[in-house]
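Asks: give the three-dimensional model of this entry:
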Amino acid sequence: MNDVKSLIVNKNIWLLYILAGILTLIVIYYQWMIGLFLSIVLGLIIFLGLKTEDRLRKKTEQYISTLSYRVKKVGEEALLEMPFGIILFNDEYQIEWANPYMNDFQGQDETLIGENLTTLSENIISAIKDDEEEFWVNIDEKVYQVVVKREEKLLYFFDRTTYSDLETKYHNEETILSIIYLDNYEELTQAMDDTSKSHMNSQVTSILNNWSSDYGFYLKRTSQERFIAVMNREILEQLEATKFEILDEVRELISDQNVPLTLSIGIGRGAANLPELGEMAQSSLDLALGRGGDQVAIKNEHGKVKFFGGKTNPMEKRTRVRARVISHALRELVNESEKVIIMGHQMPDMDSIGSSVGILKMVQQNNKDGFIVFDPDGVNTGVQKLMDEIDEDESLADWFITPEQSLDIVSKNTLVVVVDTHKPSMVMEEKLLSRTEHVVVIDHHRRAEEFIEDPTLVYMEPYASSTAELVTELLQYQDGRVKLSTLESSALLAGIIVDTKSFTLRTGSRTFDAASYLRSKGADTVFVQKLLKEDLDVYIKRSELIKNATVYKEGVAIAKGNSGESYGPIIIAQAADTLLTMDGVQASFVISERKDGRVGVSSRSLGDINVQVIMEKMNGGGHLTNAATQLEDTTIEQVEEQLREIIDEYLQGGESS
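Replies: You can find the predicted model right below:
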């Protein structure tokens with residue numbers, strides 16, 4: 001390299017030679033003796049320069065020749081011996097050439113030439129067809145990054161196994177925080193003596209300690225009803241694989257002693273710091289408890305939640321303390337607001353209308369103006385009969401307004417009370433939620449991922465038969481004697497009767513207490529039965545659905561409507577109810593097209609099968625025994641196929657969401 005630089009310098013020297021020659025000629029012209037001497041000296045210098053240049057040229061040619069050989073040799077070694085794979089393939093994705101590194105996959109005596117790319121991995125061809133510039137594949141228990149040169153039909157394979165192992169190790173050792181809560185512990189132990197309480201605590205603690213020991217995570221009891229568990233992602237995945245059998249183990253042990261104690265577990269994962277992880281774990285626990293307990297909720301940093309368990313019906317609480325506290329809190333919110341707007345869900349049913357009327361009476365009891373948002377379009381026959389009766393009662397009808405009217409009267413100091421739903425997408429007028437700072441949610445459904453943002457007060461009790469039951473209890477704890485007319489008390493009773501299927505499903509002692517209170521206020525059971533009488537055409541349409549029913553699995557019946565024929569959601573629900581009365585049917589599912597173009601699924605269960613879990617996998621929700629969903633851009637046949645797959649997964653022990 002130094003010789004090359006010297007050659008470049010010599011070229012510059014020749015310019016000096018020329019300049020020196022010109023100066024010598026000038027000297028000869030004036031002083032020929034001195035010029036002759038200079039000419040001789042210049043000739044000697046030029047002669048020596050030519051000899052030096054010739055020597056440098058020969059050295060340069062030799063250096064370039066050596067360098068070319070070395071570059072060629074390095075190229076050959078890189079192509080054949082470098083520790084990464086190279087493959088050339090043709091239009092049929094057959095291997096035309098592979099360097100020795102890739103041929104090692106086939107053994108020492110075999111070659112990849114002539115083989116299809118699927119010999120290495122079935123994912124390679126699909127990735128090339130998808131125009132991916134690079135992708136990762138697993139080959140012979142190793143992980144490779146593949147770089148695609150599509151024009152040259154060339155693939156480079158770089159071993160990334162170490163990086164993948166490090167990533168897997170980081171993934172597996174990610175910190176997971178869990179809060180374990182003993183459902184109804186305080187209520188259950190109130191009637192126990194110290195010996196029984198100590199024995200129960202010992203058994204539960206022993207089960208949980210054995211569980212933590214088996215899977216190798218840290219468990220600490222922080223109070224009588226609460227534990228903290230710290231684990232990593234690998235352990236969590238093992239627990240997910242078992243579907244959190246600890247829920248069943250605790251439930252079975254306690255059931256043997258006839259004590260209905262269950263576990264709820266909230267888990268946070270993926271957060272960058274421990275405080276956020278703790279907040280997610282607590283939020284997950286609140287969600288699990290809001291859905292009735294006896295289940296696990298796992299929330300990640302993106303807010304996505306996965307559920308396990310939830311196989312049992314929520315147990316009715318033994319205390320009315322919370323109902324009284326909520327009633328007093330609601331009264332304070334009503335008194336502090338200018339007016340109150342009450343709304344249920346779209347396509348209202350008896351429970352939605354009845355509970356709305358109950359809240360209206362509570363508002364009026366506190367001398368405030370209340371309004372019920374009601375959309376007359378899309379109302380079923382039973383609700384229409386009730387609304388016809390309300391229209392004839394001026395003292396009640398004047399407080400019903402349309403969604404458009406509600407937007408005109410709402411203000412920042414308006415209290416909005418949402419009943420019989422907690423999903424913002426299902427309320428009568430979603431815009432109301434963003435136009436006020438005070439929102440109350442009263443609902444009896446299990447809490448879903450979608451929830452009204454930042455409500456001021458939440459009263460959700462999944463054990464309750466209906467929202468009408470909850471509202472009836474709240475009325476009983478208002479100051480003074482609440483005056484209910486026969487129509488108003490009957491509307492509340494109708495909500496309870498419809499949601500309990502005439503006191504046959506989801507009925508607890510407090511359900512009968514609420515019905516008794518309404519009866520004392522003048523509720524007319526004969527009037528309610530008149531509201532629930534159905535039209536002959538509706539009965540015939542429901543019978544058509546039931547006629548198409550088949551038993552898919554033991555105890556599971558599926559019925560579907562005819563393609564191109566739409567059914568209302570009430571008819572679909574009634575068909576599911578009817579199927580549940582058939583001998584041997586434990587759960588029923590009815591699929592039908594709806595008038596709005598979507599495909600609806602209504603499901604019912606006697607309790608052994610959690611239909612809420614199944615409907616949640618189809619973007620729906622509801623109760624353990626009563627759930628539904630609506631799907632867009634699909635057909636009845638596609639929905640049925642999806643439903644069958646989810647039922648199969650559930651019956652094999654699938655997760656709940």
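Asks: can you give me the strands in the stretch 551-657 of the chain?
Replies: Remark: strands assigned in the stretch 551-657 of the chain by DSSP state E, counting those that start in this stretch are 556-560, 587-593, 599-605, 621-622, 626-631.
Asks: just put those strands in a markdown table and tack on distance to residue 543 and mean neighbour count.
Replies: C-betas here are computed from N, CA, C, even on glycine. A markdown table is the format used below for those (distance: least, Cβ to Cβ, whole Å; neighbours: other Cβ atoms under 10 Å):
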| stretch | distance to residue 543 | mean neighbour count |
| --- | --- | --- |
| strand 556-560 | 11 | 22 |
| strand 587-593 | 12 | 27 |
| strand 599-605 | 16 | 28 |
| strand 621-622 | 24 | 22 |
| strand 626-631 | 20 | 21 |
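Asks: next SSE downstream of the strand or helix carrying residue 371?
Replies: Here residue 371 sits within strand 369-373, counting by DSSP states H and E. Using DSSP H and E, the helix or strand that directly follows strand 369-373 along the chain is helix 381-391.
Asks: okay, buried residues for that next one please.
Replies: Buried residues in helix 381-391, counting neighbours by 16 or more other Cβ atoms under 10 Å, are found at 381, 382, 383, 385, 386, 387, 389, 390.
Asks: so the fifth one touches residue 531, yeah?
Replies: Yes - under the contact definition of Cβ atoms under 8 Å, residue 386 touches residue 531, with a separation of 5.5 Å.
Asks: joint contacts of those two?
Replies: By Cβ atoms under 8 Å, 6 or more residues apart in numbering, residue 386 and residue 531 have these common neighbours: 350, 494.
Asks: the strands of the stretch 551-657 of the chain: lowest mean pLDDT?
Replies: The weakest mean pLDDT among the strands of the stretch 551-657 of the chain belongs to strand 621-622, with a mean of 80.
Asks: what lines up beside that strand in the sheet?
Replies: strand 626-631 (antiparallel) (DSSP bridges).
Asks: in three-state terms, label residue 267 for me.
Replies: Under the three-state scheme (DSSP: H, G, I helix; E, B strand; the rest coil), residue 267 adopts strand.
Asks: any idea what it is bridged to?
Replies: Note on residue 267: beta-bridge partners by DSSP bridges are residue 178, residue 298.
Asks: do I have it right that it meets residue 295?
Replies: No - if you go by Cβ under 8 Å, residue 267 and residue 295 don't touch, sitting 11.3 Å apart.
Asks: return the per-residue confidence for residue 209.
Replies: If you check residue 209, the pLDDT there is 94.
Asks: ok, and the closest non-adjacent residue to it?
Replies: residue 219 (6.4 Å; Cβ to Cβ, 6 or more residues apart in numbering).
Asks: the one you found - that's part of a strand, no?
Replies: Yes - counting by three-state DSSP, one finds residue 219 located in a strand.
Asks: ok, now which ones touch it?
Replies: Applying Cβ under 8 Å, 6+ apart, the residues near residue 219 are 180, 208, 209, 211, 212, 227, 228, 229.
Asks: list the beta-bridge partners for it.
Replies: The partner residues for residue 219, given DSSP bridges, come to residue 229.
Asks: now do residue 602
Replies: Beta bridges link residue 602 to residue 590, residue 628, judged by DSSP bridges.
Asks: quick one: contacts for it?
Replies: Residue 602 makes contact with 569, 572, 573, 575, 576, 589, 590, 628, according to Cβ under 8 Å, 6+ apart.
Asks: what's the farthest-apart pair in those residues?
Replies: 569 and 589 (14.1 Å; Cβ to Cβ).
Asks: mind checking the SS state of the closest residue to residue 414 other than its chain neighbours?
Replies: Closest residue in space to residue 414, ignoring its immediate chain neighbours: residue 436 at 4.8 Å, by Cβ to Cβ, 6+ apart. What three-state DSSP gives for residue 436 is coil.
Asks: report the separation between residue 436 and residue 420.
Replies: Using Cβ to Cβ, to the nearest Å, residue 436 is found at 19 Å from residue 420.
Asks: between these two, tell me which one has more neighbours.
Replies: Ranked by neighbour count (other Cβ atoms under 10 Å), residue 436 and residue 420 place residue 420 first, with 30 against 17.
Asks: the more buried one contacts residue 469, doesn't it?
Replies: No - contact status for residue 420 versus residue 469: not in contact, 11.2 Å apart, counting by Cβ under 8 Å.
Asks: still on that earlier bit, tell me the mean pLDDT for the strand holding residue 371?
Replies: Mean predicted confidence for strand 369-373 is 95.
Asks: show me what contacts residue 231?
Replies: Counting by Cβ under 8 Å, 6+ apart, residue 231 has contacts 176, 178, 215, 216, 217, 218, 239.
Asks: what score does the first one have for pLDDT?
Replies: Looking back up the chat, that one is residue 176. Looking at residue 176, its pLDDT stands at 93.
Asks: can I assume it sits in a helix?
Replies: No - assessed with three-state DSSP, residue 176 is strand; it does not lie in a helix.
Asks: so which bits of the stretch of helix or strand residue 322 belongs to are buried?
Replies: In this structure, residue 322 is located in helix 321-336 according to DSSP H and E. Buried residues in helix 321-336, defined by neighbour count with 16+ other Cβ under 10 Å: 323, 326, 327, 330, 331, 333, 334.
Asks: repeat that for stretch 409-419.
Replies: For stretch 409-419, burial by neighbour count (16+ other Cβ under 10 Å) applies to 410, 414, 415, 416, 417, 418, 419.
Asks: same thing with stretch 546-564?
Replies: For stretch 546-564, the neighbour count (16+ other Cβ under 10 Å) marks 546, 549, 552, 555, 556, 557, 558, 559, 560, 561 as buried.
Asks: could you give the angle of the host helix or strand of the first one to strand 556-560?
Replies: Looking back up the chat, that one is residue 546. Using DSSP H and E, residue 546 maps to helix 536-547. Per axes from the mean of the first three to the mean of the last three Cα atoms, to 10 degrees, the angle that helix 536-547 makes with strand 556-560 is 120 degrees.
Asks: same for helix 536-547, what does it pack against?
Replies: Judged by 3 or more Cβ pairs under 8 Å, 6 or more residues apart in numbering; DSSP states H and E, the packing partners of helix 536-547 are strand 556-560, helix 569-580.
Asks: so which of the ones you listed gets nearest residue 244?
Replies: strand 556-560 (23.8 Å).
Asks: and the angle from that closest one to strand 599-605?
Replies: Going by the same axes, to 10 degrees, strand 556-560 is angled at 150 degrees with respect to strand 599-605.
Asks: can I get strand 556-560 as CSV, trimmed to CA atoms?
Replies: What follows is strand 556-560, C-alpha atoms only, in CSV (Å, rounded to 0.1, in the frame of the first residue of the first chain):
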residue,chain,number,x,y,z
VAL,A,556,-76.5,-29.1,24.9
ALA,A,557,-79.3,-28.1,22.4
ILE,A,558,-78.7,-25.8,19.4
ALA,A,559,-81.5,-24.3,17.3
LYS,A,560,-81.2,-22.0,14.4
